[in-house]
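S.K.: Need coordinates for the following:
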Amino acid sequence: MVRWEFPIMCVDSTLNPAQLKQAGRPETYHAEDLRALIIEEMSATEIVKMAEAELLWPRRRTFEALKELKKDGSLKQPEKRGNYVPA
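M.R.: Numbers count the residues shown, from 1 in each chain. Okay, the predicted model is just below:
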């Protein structure tokens with residue numbers, strides 16, 4: 001690891017790379033939270049409205065979570081642009 005000491009970078013063996021900050025924001029929205037709200041067959045519009053009201057989620061994040069849930073098999077969408085069904 002190196003440390004900035006004006007005007008040069010110096011090697012510093014006391015620094016721990018595991019304590020460096022990680023890029024990006026911590027995840028605040030979890031797809032499982034949305035899955036817990038879907039207990040019966042629902043349209044995407046109904047799910048978005050419910051997520052906005054119950055979880056205070058933005059529309060875009062709701063669709064991202066639906067995609068995640070379809071990918072892992074927690075939700076199914078038998079018809080293209082059809083209703084979502086819990087698995």
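S.K.: Only C-alpha atoms from now on, for both contacts and neighbour counts.
M.R.: Fine.
S.K.: for stretch 63-76, which positions count as buried?
M.R.: Residues 65-66, 68-70, 75-76 are the ones in stretch 63-76 that count as buried (16 or more other CA atoms under 10 Å).
S.K.: And for stretch 42-51?
M.R.: Buried positions in stretch 42-51, judged by neighbour count with 16+ other CA under 10 Å: 44, 47-51.
S.K.: got the CA coordinates for that stretch in PDB?
M.R.: Extracted in PDB, the C-alpha atoms of stretch 42-51 (Å, rounded to 0.1, in the frame of the first residue of the first chain):
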ATOM      1  CA  MET A  42     -50.700  -9.800  -9.900                       C
ATOM      2  CA  SER A  43     -50.000  -7.500 -12.900                       C
ATOM      3  CA  ALA A  44     -46.800  -5.500 -13.100                       C
ATOM      4  CA  THR A  45     -48.800  -2.300 -12.600                       C
ATOM      5  CA  GLU A  46     -50.300  -3.600  -9.400                       C
ATOM      6  CA  ILE A  47     -46.900  -4.700  -8.100                       C
ATOM      7  CA  VAL A  48     -45.400  -1.300  -8.900                       C
ATOM      8  CA  LYS A  49     -48.200   0.600  -7.100                       C
ATOM      9  CA  MET A  50     -47.900  -1.700  -4.100                       C
ATOM     10  CA  ALA A  51     -44.100  -1.400  -3.900                       C
END
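S.K.: Which residues outside that stretch are in contact with it?
M.R.: With CA atoms under 8 Å, 6 or more residues apart in numbering as the test, stretch 42-51 has contacts from 34, 38, 57-59, 62-63, 82-85.
S.K.: make it 10 Å
M.R.: Stretch 42-51 has contacts (CA atoms under 10 Å, 6 or more residues apart in numbering) with 33-35, 37-38, 41, 52-63, 66, 77, 81-86.
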